[in-house]
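Participant: Predicted model, plus sequence, below.
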Amino acid sequence: MKLKLIFGSDTGNTDFVVENYLLYLLNAFDLEVTEVHKLVEKDWMDNSLFILGVPTWYDGVLQSDWEDYFDDFKQIDFTGKTIAIFGLGDQIGYDEYFVDGIGILAKVVLKNGGKVIGNWPRNNYSFSESKALINKDYFYGLPLDQDNEDELTLGRLEKWVEQLKNEIAEI
Ligand SMILES: Cc1cc2nc3c(=O)[nH]c(=O)nc-3n(C[C@H](O)[C@H](O)[C@H](O)COP(=O)(O)O)c2cc1C
C-alpha cells in the first residue's frame, strides 16, 4: 500500500527519527518520503494515506516549513484521506505547549474532511498543557520527546506503527 511520509525539521531531530527508525519500521509499505518545503499540490492528490511529522517550536508554533506551508495546508480537501501524525517536542522545557503542532495539523485535517488515525494515550508523559490532546486521555497522534526521553522513541514508534497497520486494515 502506498504511504507518503511528509515531515519538517529545524534542528534535525525529526529527520533523525525518520531516517533511523521510520524508514525501517514502515518497510511493509510502498513508502515515499517528502520534506514539507518540497511539497507541491499534486503530492496530496495522488495518494490517500499519509504520515505527517511535525516538531513544535517557539511556544506552540509549527516548525518553520510547516508554518510557511500552513495557509496552503488549510486549503486542502482531505475527504477520503487517512492521516497519522507524529510530533516532536520537549515536555519539560515547553510543558504548556507540548507537541501543540500535532493538534494544530490534526484539527485542520478533521475540519477539511479527513480521517485521523494513530491516536495515542496521554499517560506516560508529563506536561501541563497541549493542543495535541483530543480529550483528557488521548492525543491526536504520537508525541516523541528526543530532548528528554530519546531512549523511549523507538519503542513508542514500534507500537504506534503496529497500531497504524491495524487501523489501516480496518478502513
Ligand atoms: C527555542 C525552542 C522552542 C521550542 N518550543 C517548543 C514548544 O513550544 N513545544 C514543544 O513541545 N517543544 C518545543 N521545543 C522542542 C523541539 O520541538 C524539539 O527540540 C524537537 O525535537 C525539535 O525537532 P526538529 O529538530 O526536528 O526541529 C522547542 C525547542 C526550542 C529550542
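Facilitator: Received, thanks.
Participant: can you pull out the helices in this structure?
Facilitator: 13-17, 23-25, 42-45, 64-73, 100-111, 150-170 (DSSP state H).
Participant: quick check: mean pLDDT across the fifth one?
Facilitator: Averaged across helix 100-111, the pLDDT comes to 98.
Participant: so where's this protein uncertain?
Facilitator: Within the chain, no range satisfies pLDDT under 70.
Participant: need the residues of it near the ligand, please.
Facilitator: Within the chain, the positions adjacent to the ligand are 9-14, 55-60, 63, 88-90, 94, 97-100, 146-147 by Cβ under 6 Å from any ligand atom. The way it works is simple: take the backbone N, C-alpha and C, and place the C-beta from them, glycine included.
Participant: Just the ones of these in strands?
Facilitator: Using DSSP state E, the subset of the residues of the chain next to the ligand located in strands is T56, W57, L88.
Participant: Using a markdown table, please lay out those together with neighbour count.
Facilitator: Below are these laid out as a markdown table (neighbours: other Cβ atoms under 10 Å):
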| residue | neighbour count |
| --- | --- |
| T56 | 27 |
| W57 | 22 |
| L88 | 28 |
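Participant: Is it possible to get a markdown table of these that adds distance to K115?
Facilitator: Putting those into a markdown table (distance: Cβ to Cβ, whole Å) gives the following:
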| residue | distance to K115 |
| --- | --- |
| T56 | 23 |
| W57 | 27 |
| L88 | 23 |
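Participant: how about the helices of the chain, which one is nearest G80?
Facilitator: G80 lies closest, by Cβ to Cβ, to one member of the helices of the chain: helix 42-45, at 11.0 Å.
Participant: Find the closest residue to the ligand in this protein.
Facilitator: G89 (2.3 Å; Cβ to the nearest ligand atom).
Participant: residues contacting that residue?
Facilitator: P55, T56, Y97, F98, V99, D100, G101, P143, L144, D145 (Cβ atoms under 8 Å, 6 or more residues apart in numbering).
Participant: ok, the second one touching Y94?
Facilitator: This means T56. Yes: counting by Cβ atoms under 8 Å, T56 touches Y94, with 7.1 Å between them.
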